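A.B. asks: predicted coordinates and the sequence they were generated for:
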Amino acid sequence: MKILVCITHVPDTTSKIQFTADNTKFDTTGVQYIIGPYDDYALARAVELRDQASGKLTVLNVGEADSDPTLRKALAIGADEAIRVNSVPKDSYFVAQQIAHYAKEGAYDLILMGRESIDFNGGMVHGMVGELLGIPSFSPVMKLDIDGSTVKMVREIEGGKEMLEASLPLIAGCQEPIAEWKIPNMRGIMSARTKPLNVVESVSQETQAEASKYELPPAKGSVKLIDKDNVTELVKLLKNEAKVF
Amino acid sequence: MSILVYIEQAEGNVKKTSLEAVSFANALAAQTGEGDVVAVALGTIGQKELAAIGKAGAAKVLHGADSKLDAGVIQAHASAVAQAFNLIGAKTLVLAKSSLGDAVAARLAIKLNAGLVSNVVELPKTDAGFVVKRSIYTGKAFAETTVTTDNKILAIKKNAIDLKQDGPDAKVESFDVAISDSDFVSKITATERATGDILLPEADIVVSGGRGLKGPENWGMVEEMAKTLGAATACSKPVSDLGWRPHHEHVGQTGIKVAPTLYIAIGISGAIQHLAGVNSSKCIVVINKDPDAPFFKAADYGIVGDAFEVVPKLNEAFKAEL
């Protein structure tokens, strides 16, 4: 089985979000980059499925050279090869086009990625790739098992979950608890150095909706503390000042 | 030219977030002079419920009543909405940001060659181009996004716009959806819904508990408060990881993102990942015995005290007031 996992290269979840002085770019000063947390779940499940089915697992990122350590980490976790599409990921449509191009060429049976990136939170790429390739897309998927060509999934819906069955090939946007995150061990880190990381150029420059300017939310005012022995004061404030009910 | 709104339903009830999308479309139509708002609703829904979509600002509802569309099969819904979009000659589709909405919108972006912006928080600027403000970095920032395509899709974040409630009933028309077998390549074999009436992603009030509650056996007071306030219950990631509460209650950066009017956090210290999932709440109340808990910096109101002492008293105070 051929599996493609698409990963994002995003600021660590504890990063302070800030922008350059003209508010046109993310300020990377002091920011650590990681594999997108949802993509980590997708990768972990893909490693398990590849091991079960003796297939090949390719990991792909659309990004510039600073993404390479992130791809090497994915190789250390268990991917067999990596592809980096050498371009700034301009918008979801642009990224989806790159993925669809390589997925089509590679004739992958299964394409996994996180339900959304934690920078732009769009949650759009899996669906776009599915439509571009003419295959079903599912998200957010919490459980995914393969029996022959039948895929059994559990998808989260608002306030619950639904159980699904579909056939390969398909694409899924993943989230916990689909698998436990895998931490690279020393053997994985060493072997990652010799696994192929191929850099290719983007296939199209088309975009549909690009971010042009950024801003931070207004600063929060200070908390109003209420004495623990006077909780009725809180109820009055919520009613009369905050007017929440 | 009309603006189309995709309506989501659960067991025949139109979701409030979809009504917010209708209100958004109504305000957008008024701003751009783009004509009226047409909603498309799929599956088994009562005529009265459909007509009531008019209160939020839709002039007309196209109802694809085929019961095969009751479940949210992504491909089938995307296909049906594309048919409605082309039928009315729309240029703009508005829908609520949700797990189904995202999945359907993404496929439609390709089908309709439409620029898609998700997590939209306010009406677009349309005086020079089409510029949409969206929430990014899990609510920690905003981006102005320029849409360059003729067709556009906007997925609206919850609570981004006030719900319009004073419109006349909408005209309901039957919509004959051409359904093909290829739209149903996946089969939904079962659905499990959480018990309780209030769905967390749509709740106006959320009462949330953390590790400070010490164990699942102590959730009774959280549930009691939620019942009194008509709220949904939620929890922090460690609590769902420990199995004290189900995963679908986990709010945070990698869980459910909520934007209620009131978020009450009990025994949650406020890690940055948790704050990311709740920082769009209009009002945040924090109850924690640690005065240095980071959550107090993000809160509007706070009580420094032991949850086991404060929450029962607060429950009584809420009951007395409501």
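C.D. replies: All right, it came through fine.

A.B. asks: contacts and neighbour counts: CA atoms only from here.
C.D. replies: Fine.

A.B. asks: distance of the spatially closest residue to residue A:77 that is not a sequence neighbour from residue A:56?
C.D. replies: For residue A:77, the nearest residue in space outside its immediate sequence neighbours is residue A:184; the separation is 4.7 Å by C-alpha to C-alpha, 6 or more residues apart in numbering or on different chains. In this structure, residue A:184 lies at 18 Å from residue A:56, with C-alpha to C-alpha, to the nearest Å as the measure.

A.B. asks: please enumerate the helices of chain A.
C.D. replies: The residue ranges that make up the helices of chain A, judged by DSSP state H, are A:37-53, A:68-77, A:92-106, A:125-133, A:186-192, A:231-240.

A.B. asks: for residue B:276, find the nearest of those.
C.D. replies: With distances scored as C-alpha to C-alpha, the stretch of the helices of chain A nearest to residue B:276 is helix A:37-53 (13.9 Å).

A.B. asks: I'd like to know which elements that closest one is packed against.
C.D. replies: Counting by 3 or more C-alpha pairs under 8 Å, 6 or more residues apart in numbering or on different chains; DSSP states H and E, the packing neighbours recorded for helix A:37-53 are strand A:2-6, strand A:56-63, helix A:68-77, strand A:110-114, strand A:170-174.

A.B. asks: can you read off the pLDDT for residue B:185?
C.D. replies: Residue B:185 is assigned a pLDDT of 85 by the prediction.

A.B. asks: can you report phi and psi for it?
C.D. replies: When read as degrees, to the nearest 10, the backbone of residue B:185 gives phi -70, psi -20.

A.B. asks: once you drop chain neighbours, what's closest to it?
C.D. replies: The shortest distance from residue B:185 to any non-neighbouring residue, by C-alpha to C-alpha, 6+ apart, is to residue A:166 (6.3 Å).

A.B. asks: circling back to that earlier point, make CSV out of the helices and strands packed on helix A:37-53 and add distance to residue B:43, mean pLDDT and mean neighbour count.
C.D. replies: As requested, the helices and strands packed on helix A:37-53 are exported to CSV (distance: least, C-alpha to C-alpha, whole Å; pLDDT from 0 to 100; neighbours: other C-alpha atoms under 10 Å in any protein chain shown):
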stretch, distance to residue B:43, mean pLDDT, mean neighbour count
strand A:2-6, 34, 98, 25
strand A:56-63, 38, 98, 24
helix A:68-77, 42, 98, 22
strand A:110-114, 29, 98, 26
strand A:170-174, 25, 97, 26
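
A.B. asks: circling back: show me what contacts the residue nearest to residue B:185?
C.D. replies: A:150-152, B:185-187 (C-alpha atoms under 8 Å, 6 or more residues apart in numbering or on different chains).

A.B. asks: of those, buried ones?
C.D. replies: Buried positions within the contacts of residue A:166, assessed by neighbour count (16 or more other C-alpha atoms under 10 Å in any protein chain shown), are A:151-152, B:186.

A.B. asks: looking at these, which are in strands?
C.D. replies: With strands identified by DSSP state E, the entries of the buried ones among the contacts of residue A:166 that belong to them are A:151-152.

A.B. asks: distance to residue B:165 for the buried ones among the contacts of residue A:166 - can I get that in TSV?
C.D. replies: As requested, the buried ones among the contacts of residue A:166 are arranged in TSV below (distance: C-alpha to C-alpha, whole Å):
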residue	distance to residue B:165
A:151	43
A:152	42
B:186	37
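
A.B. asks: out of the buried ones among the contacts of residue A:166, which comes closest to residue A:172?
C.D. replies: Sorting the buried ones among the contacts of residue A:166 by distance to residue A:172 puts residue A:151 at the head of the list, at 10.7 Å, by C-alpha to C-alpha.

A.B. asks: that closest one reaches residue A:144, doesn't it?
C.D. replies: Yes - at 6.8 Å, residue A:151 and residue A:144 qualify as touching, with contact defined as C-alpha atoms under 8 Å.

A.B. asks: shared neighbours, the two?
C.D. replies: With C-alpha under 8 Å, 6+ apart applied, the contact sets of residue A:151 and residue A:144 do not overlap.

A.B. asks: show me what from the stretch 151-300 of chain B comes close to chain A.
C.D. replies: Proximity of the stretch 151-300 of chain B to chain A, by C-alpha under 8 Å from any C-alpha of the partner chain, involves residues B:185-194, B:199-201, B:248, B:253-254, B:261-262, B:272-273, B:283, B:296-300.

A.B. asks: show me the contacts for residue B:282.
C.D. replies: The contact partners of residue B:282, taken as C-alpha under 8 Å, 6+ apart, are B:259-263.

A.B. asks: for these, pick the one with the most neighbours.
C.D. replies: Comparing these on neighbour count, residue B:263 comes out first with 28 neighbours (neighbours: other C-alpha atoms under 10 Å in any protein chain shown).

A.B. asks: ok, the residue nearest to residue A:121 when sequence neighbours are not counted - how many residues close by?
C.D. replies: Nearest residue to residue A:121, sequence neighbours excluded (C-alpha to C-alpha, 6+ apart): residue B:136, at 6.1 Å. Neighbour count for residue B:136, taken as other C-alpha under 10 Å: 22.

A.B. asks: thinking again about what came up before, what does the model give the residue nearest to residue A:77 for pLDDT?
C.D. replies: Reading off the confidence values, residue A:184 has pLDDT 94.

A.B. asks: test my guess that it contacts residue A:76.
C.D. replies: Yes - at 5.4 Å, residue A:184 counts as touching residue A:76 under the criterion of C-alpha under 8 Å.

A.B. asks: span of stretch A:131-151 from start to end?
C.D. replies: Stretch A:131-151 has an end-to-end distance of 19 Å (C-alpha to C-alpha).

A.B. asks: pull up the distance across stretch A:179-195, start to finish.
C.D. replies: Taking C-alpha to C-alpha as the measure, stretch A:179-195 stretches 24 Å from start to finish.

A.B. asks: residues of it that come out buried?
C.D. replies: In terms of neighbour count (16+ other C-alpha under 10 Å), stretch A:179-195 has its buried residues at A:179, A:181-182, A:184, A:188-189, A:192.

A.B. asks: contacts (any at all) between chain B and stretch A:229-242?
C.D. replies: Yes - applying C-alpha under 8 Å from any C-alpha, one finds stretch A:229-242 touching chain B at A:229, A:231-232, A:234-235, A:242.

A.B. asks: which parts of that stretch are buried?
C.D. replies: Residues of stretch A:229-242 classed as buried: A:231-232, A:234-235, A:238, A:242 (neighbour count, 16+ other C-alpha under 10 Å).

A.B. asks: who touches that stretch?
C.D. replies: Defining contact as C-alpha under 8 Å, 6+ apart, one finds that stretch A:229-242 is touched by A:226, A:243-245, B:283, B:301, B:310, B:313-314, B:317-318, B:321.

A.B. asks: what's the farthest-apart pair in the residues you listed?
C.D. replies: The largest distance within these, taken as C-alpha to C-alpha, falls between A:243 and B:310 and amounts to 21.6 Å.

A.B. asks: neighbour count for these two, which is higher?
C.D. replies: For residue A:243 versus residue B:310, the count of surrounding residues by other C-alpha under 10 Å is larger for residue B:310: 21 against 12.
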